[in-house]
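Novice: Just to be clear, the model below is a prediction. Sequence and coordinates:
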Amino acid sequence: MVQHLPLPAQVRCNRGFGWSFKMMLAIVLAMTVILMIGTRGREPGGALIGLAIGTSVAALFCVVRAVLLPRLMIDLPHGVLRTRTGAVPFTRIAVIDVVKEKAGVWAAFSGDDGRTLARMSVADTMFAPPTSDQWAALGQVIQSAATSRGVSLEAQPRAAGNWVSPADAIAIIDAQAAWCSAGQRSSDRRAPATALVKSSIALRPGGGSLI
């Protein structure tokens, strides 16, 4: 793993405002202005009603983002992912799937039973793209999880699917962290991390196999 500047003990992910969130707020603002202009002079208090509606919708988006979307803190000294529902030890992480959905690209951490333990925003979500610290912390999670579970970093999964070895994933993530440190956009199509989209990283003995 490439050595970066020392990371904070706890690295908060899923933070900031992504382009989709900003776009929705811009649409709400535009609709509010149109409504205010359209009702001005025709209905008493029409402008205030339009402003109230626009403010309420914008507030609803903020509440959804703050309350319903996943929280994630990578606690490196304690070796856990801190989520809205509790702490998940790195040793419980069996697979990390980098999935592309309508709501953007996410890294989904799953256990041996296939259940999702935590989710990290990667690109095109309502959160800002990960910083170099967040990428570097993810690389440390992979290395720590693989080591603690007795998985060789160079091991190639045997299961069918688009699998990436821990070592290859860490190399890509290190390159992504350096890319961001150089001032490049994390979600740029040329960014190194695009190679991980729609792939899985196996952190269980025997690779991707559940057996």
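Specialist: Cool, the structure landed.

Novice: where does the residue nearest in space to the middle of the chain land in three-state SS?
Specialist: When C-alpha atoms, centre = their mean is applied to the chain, the residue found nearest the centroid is residue 121 (1.1 Å). Secondary structure, DSSP: H, G, I helix; E, B strand; the rest coil: residue 121 is strand.

Novice: shouldn't it be in contact with residue 127?
Specialist: Yes - at 4.0 Å, residue 121 counts as touching residue 127 under the criterion of C-beta atoms under 8 Å. C-beta: built from backbone N, CA, C; applies to glycine.

Novice: ok so, going back, quick one: residues contacting the residue nearest to the centre of the chain.
Specialist: 13-14, 18, 104-106, 127-130 (C-beta atoms under 8 Å, 6 or more residues apart in numbering).

Novice: Among these, which one sits closest to residue 183?
Specialist: Taking C-beta to C-beta as the measure, residue 129 is the one of those closest to residue 183, at 13.0 Å.

Novice: Identify the residue nearest residue 140 in space, chain neighbours excluded?
Specialist: residue 76 (6.1 Å; C-beta to C-beta, 6 or more residues apart in numbering).

Novice: any idea how far the one you found lies from residue 111?
Specialist: 20 Å (C-beta to C-beta, to the nearest Å).

Novice: Find the least confident helix or strand in the chain, judged by mean pLDDT.
Specialist: helix 46-63 (a mean of 63; mean pLDDT, DSSP states H and E).

Novice: who does the next helix-or-strand element following that one pair up with?
Specialist: For helix 46-63, the following helix or strand on the C-terminal side (DSSP states H and E) is strand 72-75. Strand pairing for strand 72-75, determined by DSSP bridges: strand 10-13 (antiparallel), strand 80-82 (antiparallel).

Novice: Contacts for the longest one, please.
Specialist: Where contact means C-beta under 8 Å, 6+ apart, the residues beyond strand 10-13 that reach it are 72-76, 82, 120-121, 130, 133-134, 137.

Novice: okay if I get the residues you listed as CSV plus distance to residue 92?
Specialist: Output for these, formatted as CSV (distance: C-beta to C-beta, whole Å):
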residue, distance to residue 92
72, 14
73, 16
74, 14
75, 14
76, 16
82, 13
120, 15
121, 20
130, 22
133, 23
134, 20
137, 17
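
Novice: wait, isn't residue 146 in contact with residue 166?
Specialist: Yes - between residue 146 and residue 166 there is a contact at 4.3 Å, judged by C-beta under 8 Å.

Novice: list residues touching both of those two?
Specialist: 152-153, 203.

Novice: Scan those and report the most crowded one.
Specialist: The residue in the shared contacts of residue 146 and residue 166 with the most neighbours, by other C-beta atoms under 10 Å, is residue 203 (31 neighbours).

Novice: now the helices for the protein?
Specialist: Along the chain, counting by DSSP state H, helices occupy 19-39, 46-63, 132-148, 166-181.

Novice: Would you single out the least confident of those helices?
Specialist: Mean pLDDT per stretch puts helix 46-63 lowest among the helices of the chain, at a mean of 63.
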